[in-house]
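Enquirer: need a structure here:
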Amino acid sequence: MLQVSEDGYGNLYRQHLFDQYRLAVEMADRLSARRMQANTFFLAVNTGLITVLANLVKDGIISGIAGALPLIAMLVLCYGWWRIVGSYRQLSSGKHAVIRELETLLPAAPYAAEWAVLGQGKDPRRYLPLTHVETWVPRLFALLYLLLLLVVLLGGQGPVAGGGLKDAPAVALAEHHPGVLRGAWRWGVAHDGVHPGRSLPDGLTYGGGGERPGWL
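Expert: This is a model prediction of the structure:
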């Protein structure tokens, strides 16, 4: 990593080495902040759009091939979100690898010690990396969009036809309780080993006539 030896650099070698280390730590923190901003943006956009689209599908305003186009676009958006999360994860891994390498040249190595205490992210009971949870959020939204897409393409056929679209669990969840999607993400982050895709209770049903699920 070093391009010049301490003897060849001069008296400011140690000071400049620490300054570069501090800059690397600051850039890693900025990357984490940008990642959280991107996730907040995509989460807000998808929560709003899936609520609107669910109402449009329920009212029959969008249907057929033309109605499927915006849902396909949202699936593409979810894929882009998933790739962005993966890109941030790779960048973060690279930056922290450089930080740990720089720490081998310093008196103390706090990042390396912290990573060792956390089991290097291999044991979710000790530490579950946030990016592992983040990758499930766009997948959850993609699953909801896919369900709406199937309803639009089937045109009222299949299991949804008997009770109407409003009886479909995913649509009811998006329509009446959009905040649950945000809560599912936060709940998954707060509980080690549980990803948002499994944070909703099993057997969730939603009946017609304005009846709400008892757990909400």
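Enquirer: name the residues of the helix or strand where residue 92 lies that are buried.
Expert: Element membership for residue 92, per DSSP states H and E: helix 64-103. Neighbour counts over helix 64-103 (16 or more other C-beta atoms under 10 Å) mark 67-68, 70-71, 74-75, 77-78, 81-82, 84-85, 88-89, 92, 95-96, 98-99, 102-103 as buried. Every residue, glycine included, has its C-beta placed from N, CA and C.
Enquirer: what of stretch 148-157?
Expert: For stretch 148-157, the neighbour count (16+ other C-beta under 10 Å) marks 148, 149, 151, 152 as buried.
Enquirer: check contacts around the closest residue to residue 135 other than its chain neighbours.
Expert: Once flanking residues are discounted, residue 135 sits nearest to residue 85: 5.6 Å by C-beta to C-beta, 6 or more residues apart in numbering. Each residue near residue 85 by C-beta atoms under 8 Å, 6 or more residues apart in numbering is listed here: 35, 38, 39, 131, 134, 135, 138.
Enquirer: and the strands in this structure?
Expert: Applying DSSP state E to the chain gives no strands.
Enquirer: which of the helices and strands in it ranks last by mean pLDDT?
Expert: Scoring the helices and strands of the chain by mean pLDDT, DSSP states H and E places helix 160-163 at the bottom, with a mean of 42.
Enquirer: any idea how far residue 46 lies from residue 40?
Expert: 11 Å (C-beta to C-beta, to the nearest Å).
Enquirer: ok, residue 120 next?
Expert: From residue 120 over to residue 40 (counting by C-beta to C-beta), the distance is 28 Å.
Enquirer: kindly report the same for residue 48.
Expert: Counting by C-beta to C-beta, the separation of residue 48 from residue 40 is 13 Å.
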